[in-house]
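Trainee: My questions concern the predicted model and sequence given below.
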There are 2 protein chains.
Amino acid sequence: MKSNPFLHLVQDSYLFPEITRKKELFLKNNPGAALISLGIGDTTEPLTPFVAEKLREGALALGTKEGYTGYGPAFGIEALRKKISEKIYGNLVAADEIILSDGAKSDLGRLQFLIPAGAKVAIQDPAYPVYVDTSVMTGKSLIYLPCRPENDFFPDLALAKDADVIIFCTPNNPTGQAATREQLETLVRFCQKNQILLIVDAAYAAYIQDPDIPKSIYEIDGAKEVAIEVGSFSKMAGFTGIRLGWTVIPSDLTFEDGRSVKKSWERIASTFFNGPSNLAQLGGVAVLEESIFPINLYMDNARKLKTAISSLGYQAFGGSNAPYIWVKFEGKKSWEIFDLLMEKCHLITTPGSGFGENGEGFVRFSAFTKPDNIQTAIDRLTQNSHRL
Amino acid sequence: MKSNPFLHLVQDSYLFPEITRKKELFLKNNPGAALISLGIGDTTEPLTPFVAEKLREGALALGTKEGYTGYGPAFGIEALRKKISEKIYGNLVAADEIILSDGAKSDLGRLQFLIPAGAKVAIQDPAYPVYVDTSVMTGKSLIYLPCRPENDFFPDLALAKDADVIIFCTPNNPTGQAATREQLETLVRFCQKNQILLIVDAAYAAYIQDPDIPKSIYEIDGAKEVAIEVGSFSKMAGFTGIRLGWTVIPSDLTFEDGRSVKKSWERIASTFFNGPSNLAQLGGVAVLEESIFPINLYMDNARKLKTAISSLGYQAFGGSNAPYIWVKFEGKKSWEIFDLLMEKCHLITTPGSGFGENGEGFVRFSAFTKPDNIQTAIDRLTQNSHRL
């Protein structure tokens, strides 16, 4: 059989395998080196006792005649859809506009089915590689929107005037920047004016500390006419391994021919997916009942690390409303910085160039680690900064 | 934005909503009627105590510093891949040829990414509607292969000679028939000769009772050159709500240009998906450690129901190696039979015409229910057969 030609337009996943290769080589040459990973965005703190207990109860119930459940409702259990509507969105979106999923990444992939092949998708650069890869593998063309310190990490939207879709991540991975209310208003107006579908990846919304920064695109007037928002329990509640997320599709959102986007999404969700795990959904209800998100520790990590890096004289961005710090090392390329940090400080980071052309010269520090590691990392950076 | 035109080529999902509409109308006119549902394929028996206990332990561990886990390995945990290789396939396929997923339906959707738009996909008729819908929504054209009592439910493969892909479900939903070794050999030879990719949906393989019927396509020589197989814990272990499945992609399988299908699949899986739930995977390991599949009760149901239906003089197929019975009511259309069974016997079934043109005149009885319901259903059928 012929293969799907679009599959071969994406580069082989290079970034993380290359990091692993370099790390293994380094450990071979430096046996016993206590490398600290500030590379990946994976949660490290346990579930809260309340959430773990609810999952335990759910697991036991599945072993009883009375408590057993098979397939859940196609779009997620009603109690969870209602709780998300209420606790995450303050009822700005209705329960039936929230479709549950097994996580943001899966939904970002399935959302590509809404968009015709050949359409133009605009993305921030640097960006989470999944936006590029899912777009290319489904036959879209890309428009890159540079996001740099010089433009306050908010792109020149004029570049996107011919786009059919904008995928916008805020708080941003990898830059750690959260868009301001004014920026989001500009974005929504631009999409309204140019009839562009806006897909907002809000997987890190729970990390926003600044009360003036919107936690959802739906805090902006008119957003329901243009925007889909993807949310996740992964980073908010430590559910990276449990797999639970959602997508909001406002009832009023239509394609240019007047068809309902929500109806199309429901058809996609019920054809390509069978709902998230019932246990994960029980856990999600517990998270929102308790309303305690185990993120303070990561934000403490981020604050300390950013302060230390800044005080060493490097330009550090993000880290205040997101668990990532985006650091510029003047005059060096991303992989050079990566190598230096590994060799001189025994720290693993992620080279910014792996997120796009405009990430060159930066590395991303992740705050997802134990506080002890952060202190050690700061000590190593401080002691070795003259060698970087 | 323009919508994806392929989305509008599929019919609105009609079958199950129409069943619900008819059922609700009937209950409105006949309040208190004790309808029994033999309509859907959802498991009803609890998990075994061992599996429930392992899930409970896993849930508790997620609440501890020592036991917490975030993202799992992209293609599933090694222990589970090994157990599937060993216990399901008797090592006919290697652990690294098995990629874990959140279920057969999601994987059947993602498999469409391997296939270029415009390709010809051949499917059995009648068939699980997801094969048609995922193919159409991704721009494929369809070739229907009639499967009827007259051809022993095995299609005339000559109809598929121009196909790029054949999707083949055995044991079959909805007909309840499992393909014989000879039939599967014919199928593999045909795909080899005509360079057709064969996708086997083996979600019901655990239900095969006849020792002469292969439980996997890989029991057929040469299958690894042409076939992908999709498997699932849903019906085998009552995991419909837990969500766990897998896809086997043999290392030797190549596209016509020599590229590795497995490598493409790994790229798709890691781009459009983030692995199944860690709890679900723990449960899967427990299922295969215990090697007890809670399916005997459903197969007892199927045997009793088929015997009763046959003894009433109807032509009943399947039910011996699958939990579905496919019944022909001479001279009647599927929806007429559905209505009669609901009105005269208070039984809900699934009209065969909902699975394709060649399902017309049949209804599907599902054995997924409590044994008491089966006995009551048999009594009602026996007492009312003169009115059908």
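Mentor: Cool, got the structure. Numbers count the residues shown, from 1 in each chain, chains lettered A, B, ... in the order given.
Trainee: Quickly list the domain ranges of chain A.
Mentor: Chain A breaks down by automatic domain parsing into domains covering A:5-46+A:295-387, A:50-290.
Trainee: Among these, show me which one is buried the most.
Mentor: Mean neighbour count (mean count of other C-beta atoms under 10 Å in any protein chain shown) peaks for domain A:50-290 among the domains of chain A, with a mean of 21. In this view, the C-beta of every residue, glycine as well, is placed from N, C-alpha and C.
Trainee: The least confident helix or strand in chain A by mean pLDDT - contacts with which helices or strands?
Mentor: The helix or strand of chain A with the poorest confidence is helix A:15-29; it has a mean of 92 (mean pLDDT, DSSP states H and E). Packing partners of helix A:15-29 (3 or more C-beta pairs under 8 Å, 6 or more residues apart in numbering or on different chains; DSSP states H and E): helix A:334-345, strand A:350-351.
Trainee: Nearest to chain B among these would be which one?
Mentor: Closest to chain B of the helices and strands packed on helix A:15-29 is strand A:350-351 (C-beta to the nearest C-beta; 14.8 Å).
Trainee: How about residues contacting the closest one?
Mentor: Under the criterion C-beta atoms under 8 Å, 6 or more residues apart in numbering or on different chains, residues A:15, A:19, A:39-40, A:174, A:334-335, A:337-338, A:359, A:363-364, A:366 lie in contact with strand A:350-351.
Trainee: Report the secondary structure element holding A:Asp107.
Mentor: helix A:104-111 (DSSP states H and E).
Trainee: quick one: average confidence on that helix?
Mentor: The average pLDDT within helix A:104-111 is 97.
Trainee: May I have the strands that pair with the very next helix or strand once past that helix, each with its orientation?
Mentor: Next helix or strand after helix A:104-111 toward the C-terminus (DSSP H and E): strand A:120-125. Strand A:120-125 has its sheet partners listed here by DSSP bridges as strand A:141-146 (parallel), strand A:165-169 (parallel).
Trainee: In CSV, list those along with mean pLDDT.
Mentor: Output for those, formatted as CSV (pLDDT from 0 to 100):
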stretch, mean pLDDT
strand A:141-146, 98
strand A:165-169, 98
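Trainee: Please export the C-alpha coordinates of stretch A:157-175 as PDB.
Mentor: C-alpha atoms of stretch A:157-175 as PDB (Å, rounded to 0.1, in the frame of the first residue of the first chain):
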ATOM      1  CA  LEU A 157      -1.000  39.400  14.000                       C
ATOM      2  CA  ALA A 158      -0.800  41.000  10.500                       C
ATOM      3  CA  LEU A 159       1.300  37.900   9.600                       C
ATOM      4  CA  ALA A 160      -1.800  35.800  10.200                       C
ATOM      5  CA  LYS A 161      -4.200  37.800   8.100                       C
ATOM      6  CA  ASP A 162      -4.600  34.900   5.600                       C
ATOM      7  CA  ALA A 163      -4.800  32.200   8.200                       C
ATOM      8  CA  ASP A 164      -7.800  30.000   8.600                       C
ATOM      9  CA  VAL A 165      -6.900  29.000  12.100                       C
ATOM     10  CA  ILE A 166      -4.700  30.300  14.800                       C
ATOM     11  CA  ILE A 167      -3.500  28.000  17.500                       C
ATOM     12  CA  PHE A 168      -2.500  30.100  20.500                       C
ATOM     13  CA  CYS A 169      -1.000  28.700  23.700                       C
ATOM     14  CA  THR A 170      -1.300  30.800  26.900                       C
ATOM     15  CA  PRO A 171       0.200  30.500  29.500                       C
ATOM     16  CA  ASN A 172       2.800  29.500  27.000                       C
ATOM     17  CA  ASN A 173       4.900  26.400  26.700                       C
ATOM     18  CA  PRO A 174       7.900  27.000  26.200                       C
ATOM     19  CA  THR A 175       8.200  30.700  26.900                       C
END
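Trainee: Show me how far that stretch is from its chain's centre.
Mentor: Chain-centre distance of stretch A:157-175: 14 Å, with C-alpha atoms, centre = their mean, to the nearest Å.
Trainee: Stretch A:304-319 too?
Mentor: 22 Å.
Trainee: ok, back up a step: for the helix holding A:Asp107, packing partners?
Mentor: helix A:129-137, strand A:197-201, strand A:227-232, strand A:245-248, helix A:261-272, helix B:261-272.
Trainee: Tabulate these in JSON lines, adding columns for distance to B:Val230.
Mentor: Converted to JSON lines, the helices and strands packed on helix A:104-111 look like this (distance: least, C-beta to C-beta, whole Å):
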{"stretch": "helix A:129-137", "distance to B:Val230": "20"}
{"stretch": "strand A:197-201", "distance to B:Val230": "29"}
{"stretch": "strand A:227-232", "distance to B:Val230": "27"}
{"stretch": "strand A:245-248", "distance to B:Val230": "24"}
{"stretch": "helix A:261-272", "distance to B:Val230": "14"}
{"stretch": "helix B:261-272", "distance to B:Val230": "11"}
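Trainee: Can you check which of those gets nearest to A:Asp379?
Mentor: Ranking the helices and strands packed on helix A:104-111 by proximity to A:Asp379 (C-beta to C-beta) places helix A:129-137 first, at 31.9 Å.
Trainee: those helices in chain A, which residues are they?
Mentor: A:15-29, A:49-61, A:78-83, A:104-111, A:129-137, A:181-194, A:223-226, A:234-237, A:261-272, A:278-290, A:296-311, A:334-345, A:371-384 (DSSP state H).
Trainee: Can I get those helices in TSV including distance to B:Lys87?
Mentor: Converted to TSV, the helices of chain A look like this (distance: least, C-beta to C-beta, whole Å):
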stretch	distance to B:Lys87
helix A:15-29	31
helix A:49-61	22
helix A:78-83	34
helix A:104-111	28
helix A:129-137	33
helix A:181-194	52
helix A:223-226	50
helix A:234-237	31
helix A:261-272	29
helix A:278-290	23
helix A:296-311	40
helix A:334-345	41
helix A:371-384	39
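Trainee: That concludes my questions; thank you for your assistance.
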